[in-house]
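Fold the following, please.
(4 chains)
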Protein chains: 2
Amino acid sequence: MPYTEKQERLARYAKALGHPARLFILEFLESQSCCFVGNIVDELPMAQSTVSQHLKELKDARLIQGSIEPPRVRYCVNRENWEEAKALFQGFFKEAEIIANH
Amino acid sequence: MPYTEKQERLARYAKALGHPARLFILEFLESQSCCFVGNIVDELPMAQSTVSQHLKELKDARLIQGSIEPPRVRYCVNRENWEEAKALFQGFFKEAEIIANH
DNA sequence: CCCACCCATCGTAGATTTGCGATAAACTAT
DNA sequence: ATAGTTTATCGCAAATCTACGATGGGTGGG
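Purely as a prediction, here's the structure:
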């Protein structure tokens, strides 16, 4: 593997954040501290199937997780990986700052 | 526009960071505080044309900038936008934290 | 049992991304 | 002039992304 583990993981998180709809979903999930798919669909100007696909990508990136609460599905931020992503981004920008100041 | 200006800009930066080669390039540029294209090509396991393309994307995202120094081209991080990106990511994760703690 | 509701998944289309080799463009040096 | 060096760009192929409508699979209520 030509890249470091950190680079691979950070790139994956960055990619997941690389669409405004997914940023919106994450911010919305935070503001509501978990919510149902329907609530998200109501807020976004796209078809339900498209929203579902964005949710899937965030889920695949392990930034969110869903739990079935019939008849609905509740999504929450995955705290553990959210913190990891946060730390990776912080490290990315911080390290650069340290280097830049020398 | 259904998304906020911040979301659009953050998504654009995140997208640019969404490939390990581009993360590598940015970290490499920091560690060298500017360098020539050839140096980057030597470090990456991909064709020169592909590296050039990744540089173009980072340039389009305004995270780096190039200056011609015949017969070579020197690339540096674009400090201003780098700081903006940093602030946007910080805001994104921080705001979420504040909300989550309520 | 059947219907309505909620959501995921399928199939599809078009756009974008990623990668390569080949070529072009700009400059140096001989 | 010619040849070499360095980098961008072109043309192409394969893969992935984005979006949609339609369909399917659960679940709960009548």
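
For chain A, which segments are assigned as helices?
Taking DSSP state H to define them, one finds helices in chain A at A:5-16, A:20-32, A:37-43, A:48-60, A:79-100.

For the first one, give the mean pLDDT please.
What that stands for is helix A:5-16. The average pLDDT within helix A:5-16 is 98.

and what of the shortest one?
Over the span of helix A:37-43, the pLDDT mean works out to 96.

And the residue nearest the centre of chain A?
Centroid-nearest residue in chain A: residue A:63, 4.2 Å away (criterion: Cα atoms, centre = their mean).

didn't that residue look like it was pressed against residue A:79?
No - taking contacts as Cβ atoms under 8 Å, residue A:63 lies outside contact range of residue A:79: 10.1 Å. (C-beta placed from N, C-alpha, C; glycine too.)

Can you get me a residue count around residue A:49?
The number of residues packed near residue A:49 is 8, by other Cβ atoms under 10 Å in any protein chain shown.

Also residue A:22?
The local packing of residue A:22 (other Cβ under 10 Å) involves 22 other residues.

How about the contacts made by it?
Each residue near residue A:22 by Cβ atoms under 8 Å, 6 or more residues apart in numbering or on different chains is listed here: A:16, A:54, A:57-58, B:11.
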